[in-house]
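Visitor: Mind folding the following:
(chains A and B)
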Amino acid sequence: MKQRRFTQPATIWLLWTALLSVLALTVVANLFVKVQAWFGLDGTFAFNAWYGFSSCIGMIVFAKLLGRLLHRKDTYYERD
Amino acid sequence: MNGISAVPPGLPLILGGLLLPLLASRLRAVVTLSLPVLVLALVWQVPDAVTLKVSFLDYVLEPVRGDRLSRLFGTIFAIMAFAGGLFALNRARSVELVAAFVYAGGAIGVIFAGDLITLFVFWEVIALASTVVVWSVMTDRAYHASMRYLMIHLLGGVVLMAGVIGHVAETGSVVFTAMTLDTPAHWLILAGFLVNAGAPPLSAWLPDAYPEASASGMVFLSAFTTKTAVYVLLRGFPGAEILVFIGLYMIFYGIVYALLENDMRRILAYSIVNQVGFMVCGIGIGTEMSLNGSAAHAFAHIIYKALLIMSAGSVLYMTGKRKCTDLGGLFRSMPLTTICCIVGALSISAFPLTSGFISKSMISQAAADDHLAVIWFLLAAGSAGVFLHAGVKFPWFVFFQKDSGMRPPDPPLNMRLAMVFFAVLCIVIGVWPDPLYAILPFPVDYVPYKGAHVVEMLQLLLASGVAFFLMLPRMQRTLTITLDWDWFYRRLAPRMVGKMMVHATSVDASLRRTVLRRIDTMIETLFRYHGPQGILARTWATGSMVLWVVILLGIYLVAYFY
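Guide: Down below sits the predicted model:
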């Protein structure tokens, strides 16, 4: 019974909170560590957070669009 | 000959592997685990020199040539053969284990080949033995996949052979050394190498064939072919600029296709292409830092990718299922497999304190050092994408998401031990990278654990985790595949040949009809004039002959007077 709690809404809410809190902590940590910027843009505040997030959203959206074009049933190549 | 150091390190695996079916099961287990240890010892006996030379035709072959790079790859290949043997111990069909050991021995043969002829021979050993690993599952699917796999690799072998012949004709030397892309022969050699690396446009052979192997077969397959290709690219074409672009394509190809995939083992196969992309890109950058990074990443990758494939293999072995749509919730009954999978997933994502962190960041650092801005930004996006498809998606859909209702236990002891061994290695290398850095090809002047770098990496990965869960409703798996370049030779070409055959048959029939009619007409004509009743074959009366002679003579006489 204890393990089933993992999939309950309350647990999922807790996991979301934990994930966002740790992310927020790393963003706060940016204020205290010396970030070396190589190309200018990578020196902007919380660069890795916003760049990582937006590039992932971009890749997922691109994959979905490509999927519309190239998705087939998984029996597509099977012989008759 | 230099005694023990002249023994080709891959030889015990090939010869010992061939003997395995003759041994009783208990002895076979002992030999399976001992051979890789023997190979590891032999690898470290080889000094920085050519220790074996053999005359062949007009050439001097160098089957054993050692240096730091070959010892690095020899070491990880031996470790991989050990862990793969351990994972396969309880179930590998004899044919599969024999083929896997010959395959591993062939790969180590390439690593220590000092000349292009020896390299080519072992290259083909790899192609054939790995085909048998896929084929040994003995299903229709595996048979067809193995034949497609073999075709592509024989094609790659032919291209490589043409390049080698051209190179030898131009230079007169068979020594395998760094080359520049200044002749068609060198382009052919590069193309032959890239086929095995899973580079475009033939990347599809990898997700097509590997997932059809058995649970243990894919563990072996994930390590040797592509990483042998990385090794020969490192030695043959360091700094070839085109490799940067090929590598970047492979990185994003792997991510996008893995995101669209439903089959957990195909997700991991696409992920191999993605990871080899990082290595190929590093080779293209071509600085000491990037080459070290690619070599270290190959070393780390073999371990964590084998670990991920072992965890997927354990799930397949215990449930018989491999589609994300059929799986889920397995963390309840397979806790050890889940933990090992998470360690592998964190490693492949380059999470701090795991092996991927200390290797992949060297490649990004090399791009930054060389002021390659676009490449650096793309590598950062690629790193986030790795976490997306392999770090979160794979474990999430297999071990968490919905409850599939299945409650399989963790796999047998030997499989668990193999996973724990590699999970521990992932963490040990991540926490204590110095021993790995000490055996890299060039001296290492890099400190991975700087506060800023750790914070940046955590930020990148956590942000991509947030993106994944935010987009999760749009990423639910469906029973689909995604078309790839292999559509051209699996669908288009057979259809075109089929249509061509239909047209060719009708053209052929009408041609035959026309020709036969002409022949009939000719025979009829001949028969009319030369047949028994024909005018030219009849027997003529003597009187009419004399008459004709008189007429001819008369005409002649008249012509003479006028």
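Visitor: What residues sit buried inside stretch B:197-214?
Guide: B:197-200, B:202-214 (16 or more other C-beta atoms under 10 Å in any protein chain shown). From N, CA and C alone the C-beta is placed, and that goes for glycine too.
Visitor: How about the contacts made by the spatially most central residue of chain B?
Guide: By C-alpha atoms, centre = their mean, chain B has its centre lying nearest to residue B:196, at 3.9 Å. By C-beta atoms under 8 Å, 6 or more residues apart in numbering or on different chains, residue B:196 lies in contact with B:123, B:126, B:153, B:156, B:225-226, B:228-229.
Visitor: Closest to chain A out of those residues?
Guide: Nearest to chain A, judged by C-beta to the nearest C-beta, of the contacts of residue B:196 is residue B:153 at 19.5 Å.
Visitor: what residues are up against the closest one?
Guide: Residue B:153 is in contact with B:127, B:130-131, B:195-196, B:205, counting by C-beta under 8 Å, 6+ apart.
Visitor: Surely residue B:132 is in contact with residue B:94?
Guide: No. Counting by C-beta atoms under 8 Å, residue B:132 sits too far from residue B:94 to count as a contact (11.4 Å).
Visitor: Can you classify residue B:52 as helix, strand or coil?
Guide: With DSSP: H, G, I helix; E, B strand; the rest coil as the basis, residue B:52 sits in strand.
Visitor: now it, which residues is it bridged with?
Guide: As for beta bridges, residue B:52 partners with residue B:64 under DSSP bridges.
Visitor: Please tell me I have it right and it contacts residue B:6.
Guide: Yes. Judged on C-beta under 8 Å, residue B:52 makes contact with residue B:6 at a distance of 4.3 Å.
Visitor: Buried residues in stretch B:24-32, which are they?
Guide: The neighbour-count check on stretch B:24-32 (16+ other C-beta under 10 Å) flags B:28-29, B:31-32 as buried.
Visitor: now swap in stretch B:172-192 and tell me
Guide: By neighbour count with 16+ other C-beta under 10 Å, stretch B:172-192 contains the buried residues B:174-176, B:179, B:185-192.
Visitor: what is the mean pLDDT for it?
Guide: Mean pLDDT, computed over stretch B:172-192, is 96.
Visitor: Residues in contact with it: which ones?
Guide: When contacts are defined by C-beta under 8 Å, 6+ apart, stretch B:172-192 is touched by residues B:59-62, B:113-117, B:119, B:123, B:156-157, B:159-170, B:232-233, B:235-238, B:240, B:242.
Visitor: could you point out which element follows the longest helix anywhere in chain A?
Guide: Scanning chain A for the longest helix, with DSSP state H as the assignment, gives helix A:47-70. Following helix A:47-70 in sequence order, the next helix or strand is strand A:71-73 (DSSP states H and E).
Visitor: Summarise which helices and strands the helix or strand bottoming out on mean pLDDT in chain A is packed against.
Guide: Ranking every helix and strand in chain A by mean pLDDT, DSSP states H and E puts helix A:9-29 at the bottom, with a mean of 88. Secondary structure elements in contact with helix A:9-29, counted by 3 or more C-beta pairs under 8 Å, 6 or more residues apart in numbering or on different chains; DSSP states H and E, are helix A:47-70, helix B:451-471.
Visitor: Now those in TSV, please, with extra columns for distance to residue B:351 and mean neighbour count.
Guide: Converted to TSV, the helices and strands packed on helix A:9-29 look like this (distance: least, C-beta to C-beta, whole Å; neighbours: other C-beta atoms under 10 Å in any protein chain shown):
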stretch	distance to residue B:351	mean neighbour count
helix A:47-70	13	18
helix B:451-471	6	21
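Visitor: do you know which of those helices lies nearest residue A:14?
Guide: With C-beta to C-beta as the measure, helix B:451-471 is the member of those nearest residue A:14 (13.3 Å).
Visitor: Give me the contacts around the helix or strand just after that closest one.
Guide: Using DSSP H and E, the helix or strand that follows helix B:451-471 in sequence is strand B:480-482. Residues from elsewhere that reach strand B:480-482, judged by C-beta under 8 Å, 6+ apart: A:66-67, A:70-74, A:76-77, B:257, B:260-262.
Visitor: which of those has the weakest pLDDT?
Guide: Of all those, residue A:74 has the smallest pLDDT value, namely 86.
Visitor: For residue B:379, give me its contacts.
Guide: Listed by C-beta under 8 Å, 6+ apart, the contact set of residue B:379 reads B:248, B:251, B:278, B:281, B:363-364, B:367.
Visitor: Narrow these to those in helices?
Guide: Among the contacts of residue B:379, the members found in helices (DSSP H) are B:248, B:251, B:278, B:281, B:363-364, B:367.
Visitor: returning to that earlier point: would you convert the buried residues of stretch B:172-192 into CSV that also reports secondary structure and distance to residue B:36?
Guide: Output for these, formatted as CSV (DSSP: H, G, I helix; E, B strand; the rest coil; distance: C-beta to C-beta, whole Å):
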residue, secondary structure, distance to residue B:36
B:174, coil, 30
B:175, strand, 29
B:176, coil, 25
B:179, coil, 32
B:185, helix, 36
B:186, helix, 34
B:187, helix, 36
B:188, helix, 34
B:189, helix, 30
B:190, helix, 31
B:191, helix, 32
B:192, helix, 28
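Visitor: Include distance to residue B:527 when you put the residues you listed into TSV, please.
Guide: Listed next are the buried residues of stretch B:172-192 as TSV, based on distance: C-beta to C-beta, whole Å:
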residue	distance to residue B:527
B:174	68
B:175	73
B:176	72
B:179	71
B:185	63
B:186	67
B:187	64
B:188	60
B:189	65
B:190	67
B:191	62
B:192	62
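Visitor: what's the farthest-apart pair in those residues?
Guide: The span of the buried residues of stretch B:172-192, defined through C-beta to C-beta, is set by B:175 and B:191 at 20.4 Å.
Visitor: which pair in the contacts of residue B:196 spans the largest distance?
Guide: The span of the contacts of residue B:196, defined through C-beta to C-beta, is set by B:123 and B:226 at 13.2 Å.
Visitor: Excluding chain neighbours, give the residue nearest to residue B:102 in space.
Guide: Distance criterion C-beta to C-beta, 6 or more residues apart in numbering or on different chains; nearest residue to residue B:102, sequence neighbours excluded, is residue B:129 at 4.3 Å.
Visitor: how close does that neighbour sit to chain A?
Guide: Distance, residue B:129 to chain A, by C-beta to the nearest C-beta, to the nearest Å: 25 Å.
Visitor: residue boundaries of the helices in the stretch 1-150 of chain B?
Guide: Using DSSP state H, counting those that start in this stretch, the helices found in the stretch 1-150 of chain B span residues B:11-19, B:25-43, B:68-88, B:94-111, B:116-135, B:140-171.
Visitor: Figure out which of the ones you listed is closest to residue B:456.
Guide: Comparison of the helices of the stretch 1-150 of chain B against residue B:456 by C-beta to C-beta identifies helix B:68-88 as nearest, at 27.8 Å.
Visitor: If you count neighbours, what's buried in that closest one?
Guide: Applying a neighbour-count criterion of 16+ other C-beta under 10 Å, one finds B:69-88 buried in helix B:68-88.
Visitor: Surely residue B:201 is within a helix?
Guide: No. Per three-state DSSP, residue B:201 lies outside any helix segment and is coil.
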